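[1] this is a predicted model, with the sequence first.
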Amino acid sequence: MGDSQALAQAIRQAALDLGFDDAGLVPAGPTLTHGFYLDWLKDGLGGELTYLTRHAELKADPRRVAPWAQTVLMTARGYRPAAPRPEGNFSSRTARYAWGPDYHLDMRERLDRLGREVERLAGQPVRRRSFVDTAPLMEREWAARAGLGWVGKNGLLIHPRLGSYLFLGGVLLELPLPSAPGSGGFSRSAETPGASQADSRCGTCQACIAACPTGAITAPRRVDARRCIATPTIESKGLPPLELRPHMGDWVFGCDVCQEVCPWNRKAPSRHGPAEDPPELDRWLMLDPASFQQRYRHTPYGRPGAGGMARNAALALGNRLAAGGWDELSAGRGLTALLQALGRAEPVARGAAAWALGRACQARPEGRVAAQGLLAAALARESDPSARQEMEQALAVLKALGATA
C-alpha cells in the first residue's frame with residue numbers, strides 16, 4: 001500500500017477490528033508536557049513512586065526509549081462494567097479496572113496482533129515496541145495527541161463517547177506515517193495541561209476535585225500521588241500516614257470516586273459485567289500468602305500481594321466499623337477478624353489491624369476489653385518496630401476511651 005495516509009487509516013481500522021474501541025496515530029517527537037511533569041516531580045507530588053523520577057528524562061521523547069521510532073500508534077479499550085457490585089457490610093470496594101483479569105495480559109496480546117497486522121498492511125517487516133504501563137512514555141499525552149480524547153481535571157484521559165474508564169496501550173513503529181486521529185477529537189491542549197481545549201471540554205465542572213475523598217486533586221490535572229488512594233492501597237509497601245487513613249474510607253484497592261462523579265461517564269457504554277466478586281473484607285484478612293498467590297497472582301490484586309490486601313482490608317474494616325450502623329452480630333464478626341489479623345505473618349497487616357481496632361472500638365465500646373487484652377499480648381510478642389508503634393498507639397487510644405465490659 002503506497003499511499004501513507006491510506007496506510008495510516010488502514011492501521012487504525014485494523015485496531016478497531018481487533019477489539020480496540022478507538023485508535024489513532026501521530027508522528028513521534030518531543031513530549032509537550034515534559035516541563036509540567038518535571039515540575040510535578042520537583043514539588044514532590046510523586047511521593048514514594050521513585051521510578052517516576054528515575055525514568056523522567058526518558059519521557060521527554062519516545063525516541064529516547066526507542067531511537068528508531070517514527071510513529072506512535074495509540075489505542076483505547078473501555079472497561080466500564082455493566083452493573084455495580086452488590087453492597088454489604090463486608091463487601092470489598094475496589095476500582096472497576098480490577099473487576100476482571102489483569103488487563104495487561106489482554107492488551108499486550110491485542111497489541112502484538114496489531115503489530116503483526118501493521119507488517120501485513122505495510123508489506124514489509126516493521127520494527128516495533130508495544131507498551132501498556134510498561135514503558136517510560138507519557139501515555140495520556142500521546143493518546144490525546146492521537147485524537148483519543150483530552151486530559152481531564154482528574155488527570156485521566158476522557159473520551160467524549162467512552163468516558164474515562166479506559167485501558168490505554170500503544171505501539172512505537174519504525175514506520176513514517178501521517179496523523180490519523182481517533183474519534184475522540186484531535187486535541188492540541190497537550191502543549192500546556194492547564195489551557196485551551198482541555199478546559200473547554202471539562203468546562204467549569206469541578207466535580208472530580210470536590211469529590212476526591214483525600215483532596216488529592218489540588219488543581220486541574222495536578223494530582224498529588226501521595227494522597228491518591230491508589231498509591232497507599234496498590235503501590236505502597238507500608239502504611240499510609242495517620243491523617244490519611246480515615247479519609248480512605250472503605251476502598252481496598254484503588255479508587256473510582258473522581259470517575260464516578262464525572263459527567264462524561266454517565267452515558268459511557270458498558271463493556272463487560274463484573275467478574276467473580278473479590279473476597280469480603282474479613283476473608284482478605286484470613287487468606288494466607290500461598291492461597292492468595294494461587295488465586296490472585298494473575299489479577300490486579302497481585303500487585304500489593306497478600307499482605308498489602310490484608311492491610312487494605314483492615315483499614316477499610318476499621319473505617320466501616322467506626323462509621324456505625326452495624327448490628328451486633330456483624331460488628332462482632334468484624335472485630336473478631338481484626339483481632340485474628342494481629343497474628344498475620346506480615347508486619348504491615350498486623351499494624352493495620354491494630355490501628356483499625358483502635359478506630360473501630362471508638363464506636364464499639366463492647367469490644368474494648370477484648371481488644372485491649374489481645375493488643376497487649378500482641379505487643380508483647382511483636383518484634384517489628386512499625387507494627388509495635390501501631391499497637392502502642394492503638395492501646396493508648398483504647399485506654400483513653402476507657403474499657404467497657
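    That came in fine, so what should we check first?
[2] quick one: the strands in this protein, in order.
    For the chain, the strands defined by DSSP state E occupy 22-27, 71-78, 93-94, 128-131, 150-151, 157-158, 166-173, 217-219, 222-223, 251-253.
[3] looking at those, which is closest to Arg12?
    Among those, strand 22-27 comes nearest to Arg12, with 4.9 Å by Cβ to Cβ. C-betas here are computed from N, CA, C, even on glycine.
[4] re the thing from before, nearest approach to Met107 belongs to which of the strands of the chain?
    Across the strands of the chain, Met107 has its closest neighbour in strand 166-173 (4.5 Å, Cβ to Cβ).
[5] pairing partners for the closest one, with directions?
    Here strand 166-173 has these sheet partners by DSSP bridges: strand 71-78 (antiparallel), strand 128-131 (antiparallel).
[6] and the ones you listed, which is most packed in?
    Comparing these by mean neighbour count (mean count of other Cβ atoms under 10 Å), strand 71-78 ranks first with a mean of 26.
[7] now the angle between strand 22-27 and that strand, please.
    Between strand 71-78 and strand 22-27, the angle comes out at 160 degrees (axes from the mean of the first three to the mean of the last three Cα atoms, to 10 degrees).
[8] tell me if I'm right that Glu57 and Tyr37 touch.
    No. Under the criterion of Cβ atoms under 8 Å, Glu57 makes no contact with Tyr37, lying 10.5 Å away.
[9] the more surrounded of the two?
    More neighbours surround Tyr37 than the other of Glu57 and Tyr37, with 18 against 12 (other Cβ atoms under 10 Å).
[10] nearest residue to the more buried one other than its sequence neighbours?
    Using Cβ to Cβ, 6 or more residues apart in numbering and skipping the chain neighbours, the partner closest in space to Tyr37 is Lys59 (6.5 Å).
[11] need the contact list for Ala371.
    Ala371 sits next to Leu335, Leu339, Leu357, Gly358, Cys361, Ala394, Leu398 when contact means Cβ atoms under 8 Å, 6 or more residues apart in numbering.
[12] and the fifth one, how many residues sit next to it?
    Here the number of neighbours of Cys361 (other Cβ under 10 Å) works out to 28.
[13] now the last one
    Around Leu398 sit 21 other residues, with neighbours defined as other Cβ under 10 Å.
[14] what does the second one give?
    A count of neighbours around Leu339, defined by other Cβ under 10 Å, yields 19.
[15] surely it is in contact with Ala356?
    No. Counting by Cβ under 8 Å, Ala356 is not a contact partner of Leu339; they are 10.1 Å apart.
[16] now the common contact residues for the two.
    Between them, Leu339 and Ala356 share no contacting residue under Cβ under 8 Å, 6+ apart.
[17] what distance do you get for Gln5 to Thr336?
    66 Å (Cβ to Cβ, to the nearest Å).
[18] the two: which is more packed in?
    Taking neighbours as other Cβ under 10 Å, Gln5 and Thr336 compare with Thr336 leading, 14 against 11.
[19] for that one, what are its contacts?
    Counting by Cβ under 8 Å, 6+ apart, Thr336 has contacts Asp282.
[20] and for Ser91?
    Arg85, Asp277, Glu280, Leu281.
[21] for the nearest residue to the second one once chain neighbours are set aside, give me phi and psi.
    Same thing as Asp277. Nearest non-adjacent residue to Asp277, counting by Cβ to Cβ, 6+ apart: Arg85, 6.3 Å away. With angles defined as degrees, to the nearest 10, Arg85 sits at phi -80, psi 150.
[22] what sits against Arg85?
    Ser91, Arg93, Trp99, Pro274, Asp277.
[23] between those, which is nearest Thr31?
    Looking across the contacts of Arg85 and measuring by Cβ to Cβ, the closest to Thr31 is Trp99, at 31.8 Å.
[24] please report the distance of that closest one from Ile209.
    Applying Cβ to Cβ to Trp99 and Ile209 gives a distance of 26 Å.
[25] domain map for the protein?
    The record's domain parsing of the chain by automatic domain parsing lists 4-79+99-192, 279-405.
[26] now the first one, how far from the centre of its chain.
    Right, the one you point to is domain 4-79+99-192. With Cα atoms, centre = their mean, to the nearest Å as the basis, domain 4-79+99-192 stands 18 Å off its chain's centre.
[27] and for the shortest one?
    What separates the centre of domain 279-405 from the centre of its chain is 23 Å, taken as Cα atoms, centre = their mean.
[28] and it, average pLDDT?
    For domain 279-405, the mean pLDDT works out to 92.
[29] before we move on, what about stretch 154-161?
    Mean pLDDT, computed over stretch 154-161, is 95.
[30] ok, stretch 60-74 next?
    Averaging pLDDT along stretch 60-74 gives 98.
[31] likewise for stretch 249-256?
    For stretch 249-256, mean pLDDT rounds to 96.
[32] ok, and what's touching that stretch?
    Against stretch 249-256 from outside (Cβ under 8 Å, 6+ apart): 92-98, 213, 228-230, 233-234, 278, 281, 284, 300-301, 304, 309, 312-313, 316-317, 319-320.
[33] tell me which residues of that stretch are tucked away?
    Gly249, Asp250, Trp251, Val252, Phe253, Gly254, Cys255, Asp256 (16 or more other Cβ atoms under 10 Å).
[34] how far is that stretch from where the chain is centred?
    For stretch 249-256, the distance to the chain centre is 9 Å (Cα atoms, centre = their mean).
[35] related to what we said a few turns ago, quick one: the residue nearest to Asp277 and Ser91, what's the gap?
    Using Cβ to Cβ, Arg85 is found at 7 Å from Ser91.
[36] residues near Ala314, how many?
    Number of residues near Ala314 (other Cβ under 10 Å) recorded here: 32.
[37] how about it, nearest residue that isn't a chain neighbour?
    Spatial nearest neighbour of Ala314, excluding adjacent residues (Cβ to Cβ, 6+ apart): Ala352 at 3.9 Å.
[38] many thanks, have a good one.
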